[in-house]
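In: Here you go, sequence then predicted model.
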Amino acid sequence: MSENKYHFETLALHAGQTIDATQSRGVPVYRTSSYLFKSTEHAANLFALKELGNIYTRLMNPTTDVLEQRVTQLEGGAASVALASGTAAIFNAIITLAEAGDEIVSANNLYGGTYTQFDAILPKLGINVKFVDHKDPLNFERAITDKTKALFIETIGNPVLDYTDVKAIADVAHRNGLPLIVDATFTTPYLLKTIDLGADIVINSLTKWLGGHGSGLGGIITDAGRFNWKGGRHPLFTEPDSNYHGLRWAIDLPEPLAPIAFALRVRTVPLRNLGASISPDNSWIFIQGIETLPLRMIRHSENALKVAEHLSQHPEVAWVRYPGLKNDPSYTLASKDLKNGFGGMVVFGVKGGYEAAVKIIDNIKLFSHLANVGDAKSLILHPASTSHSQLSAEQQLQSGLSPDLIRLSIGLEHSDDLIEALNEVLQPVESQKEGWLSKLIKK
Ligand SMILES: *Cc1c(COP(=O)(O)O)cnc(C)c1O
């Protein structure tokens, strides 16, 4: 049975590992910076990409290689490159296909850090990002110009968890000769195979559900291996590259490497020369996390649905967004694509607005107040005063972020305990104050 016939659960445990001379069952951590060349000819071949092999850990590492191969198989792609963080993965993906004077068209409902990277940093490097409302795929088409190099979306966007129609936007990208980059962090390959829907380049922040335990930073780029870089829009792939011996990435690579030109350029140009490398220890942590990804995503999704259903009945809750709620604006679209669950994120608004939201966060038990998602433990955040506070009030509202919004990353605790913790802080302010008295009277 060949590896790619195995089911997701099996690949999550086995893909990418070749048992080495030590017979170690666990994937060994190779804490090394560099690798011996067998001869000068071997060294020359490695540098010329005539032969693939280890040179230096900034570029590749045997532990990281297992992680990369595993994610490649889970995503159904052709090659992956792991980096120091999800943020670095996004930046390195963009500068692999765009340079000063170029444009990217992006959904506007992005992770806060990505929004700032696109809105404030890329333009300073001459790469202009046009933001559009993802809800109408034609908005992307209208924003495309001769300078556009790629479209960018997230599968489930911040902050209101709108599900994005990946397939429709992939169609727009492809009929315009452009690749679609999808940040799939919120769905992971277990909930959604974005490459099946047309994604050409997939980004996952390993920090979140793939790692799953809030214990390290990492990101990974997966190249689907089928975008035609020779369509005329990507001179970085068809003109001689001064960053790599004048190689024309889409033209000169030998056959087995030709389909993964993008992943190879990520590795040998920005990763090699800018150095946002992942540590092999972190790669090991993520390999360990991925082993249980399917089990965890099922429980995250079940718990999140129960919490969302409970909140939507609660008298102190103004509104709830969860793509798995039958009356959610995203449900129809999301339920077509997401067959294994709707993920671990729930957002809601409290009656009483900003003040009430802040109070809840200061008083809630069990939920950890911090700026992360995808931990095994449940997390809570008030984006308006934290992760999205960099945005102007107008930008916040444009991306759907209201002052009353509370974001939950639902963990793997028992759902009854999570619901109880929410109930405790969702009481009207008066009854919280008078709690001891009313309890006394009831007795
Ligand atoms: C966390 C996150 C990122 C950034 O990943 P880091 O590993 O924190 O750099 C990007 N996109 C999404 C959707 C995220 O949740």
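Out: On my side now, so go ahead. Residues are numbered from 1 along each chain as shown.

In: So, low pLDDT: which residues of the stretch 1-150 of the chain?
Out: Flagging of the stretch 1-150 of the chain using pLDDT under 70 yields the residue ranges 1-4.

In: Flag every residue of it that's near the ligand.
Out: S85, G86, T87, Y111, G113, T114 (C-beta under 6 Å from any ligand atom). Using the backbone N, CA and C atoms, a C-beta is placed for each residue, glycine as well.

In: Can you tell me which of those residues is nearest Q396?
Out: Distances from Q396 to these, taken as C-beta to C-beta, are shortest for Y111 (14.1 Å).

In: What is the neighbour count of that closest one?
Out: Y111 is flanked by 22 other residues according to other C-beta atoms under 10 Å.

In: Same check on the one 5 residues further on?
Out: By other C-beta under 10 Å, the residues close to T116 number 16.

In: Quick one: residues contacting it.
Out: When contacts are counted by C-beta atoms under 8 Å, 6 or more residues apart in numbering, T116 touches Q390.

In: Helix, strand or coil: sort out it for me.
Out: Classification of T116 by DSSP: H, G, I helix; E, B strand; the rest coil places it in helix.

In: any idea how far it is from L59?
Out: As judged by C-beta to C-beta, to the nearest Å, T116 and L59 stand 28 Å apart.

In: Which parts of the stretch 1-150 of the chain are helices?
Out: 8-14, 40-47, 62-75, 86-97, 112-116, 138-143 (DSSP state H, counting those that start in this stretch).

In: what's the third one packed up against?
Out: The criterion is 3 or more C-beta pairs under 8 Å, 6 or more residues apart in numbering; DSSP states H and E, and the helices and strands that helix 62-75 contacts are helix 8-14, strand 79-83, helix 188-191, strand 201-205, strand 219-223, helix 280-291.

In: Find the closest residue to the ligand in this protein.
Out: G86 (2.3 Å; C-beta to the nearest ligand atom).

In: Show the contacting residues for the residue nearest to that residue when sequence neighbours are not counted.
Out: Distance criterion C-beta to C-beta, 6 or more residues apart in numbering; nearest residue to G86, sequence neighbours excluded, is S205 at 2.6 Å. Contact analysis of S205 by C-beta under 8 Å, 6+ apart lists S85, G86, T87, A89, D183, T185, G218, G219, G374.

In: what's the fifth one in contact with, if anything?
Out: So the one you mean is D183. Counting by C-beta under 8 Å, 6+ apart, D183 touches G86, I90, L110, Y111, T114, F152, I153, E154, T155, I203, N204, S205.

In: so can I have TSV of the helices and strands packed on helix 62-75 showing distance to L49?
Out: Output for the helices and strands packed on helix 62-75, formatted as TSV (distance: least, C-beta to C-beta, whole Å):
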stretch	distance to L49
helix 8-14	27
strand 79-83	13
helix 188-191	28
strand 201-205	20
strand 219-223	15
helix 280-291	22
